[in-house]
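Asker: Need a 3D model of the following:
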Amino acid sequence: MLCALACVREAANPDVDLVVLASRDPDLVPVLDELYDFRGADPARYAKIETVAWFDPQARREGRYAGGNLRPTAPRRIWNTNLDRSCYDASIDRNAYR
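Answerer: The predicted structure is shown next:
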């Protein structure tokens, strides 16, 4: 719920041009739909919404879950960026916190 509210709040912020949602949680589809519709009705007031997700194209061949993007309800379409295994590996925090 907090993630959805933050998306709406930031999309309505006049200093924000783009909200990027990093998730595959299907419970967030309604917020994608609403922000898409809000922007369609008043593009000067609302930021665009896009998604980003991990995606491993070899996973399907190996019988594992491949990941993928979170999509709004058709016919709405938004941009999604898939990040591969090399991006995932590069994002790992290797610091030993004590």
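
Asker: From now on I want contacts and neighbour counts done on CA atoms only, so please keep to that.
Answerer: Noted.

Asker: now stretch 56-74: mean pLDDT?
Answerer: Per-region confidence: stretch 56-74 scores 80 on mean pLDDT.

Asker: Endpoints of it, how far apart?
Answerer: 24 Å (C-alpha to C-alpha, to the nearest Å).

Asker: mind listing what's buried in the top helix by length along the chain?
Answerer: In terms of residue count, the longest helix belonging to the chain (DSSP state H) is helix 29-41. Judged by neighbour count (16 or more other C-alpha atoms under 10 Å), helix 29-41 contains these buried residues: Val31, Leu32, Asp33, Leu35, Tyr36, Phe38, Arg39.

Asker: doesn't Ala12 make contact with the fourth one?
Answerer: Meaning Leu35. No. Applying C-alpha atoms under 8 Å as the test, Leu35 and Ala12 come out as separate, 9.2 Å apart.

Asker: Now do the shared contacts for those two.
Answerer: Jointly contacting Leu35 and Ala12 under the rule C-alpha atoms under 8 Å, 6 or more residues apart in numbering are Tyr46.

Asker: Nearest residue to the middle of this structure?
Answerer: In the chain, the centroid-proximal residue (C-alpha atoms, centre = their mean) is Thr51; its distance is 2.4 Å.

Asker: helix/strand/coil for that one?
Answerer: strand (DSSP: H, G, I helix; E, B strand; the rest coil).

Asker: Can you name every helix or strand that the longest helix of the chain contacts?
Answerer: Secondary-structure packing of helix 29-41 (3 or more C-alpha pairs under 8 Å, 6 or more residues apart in numbering; DSSP states H and E): helix 2-11, strand 48-54.
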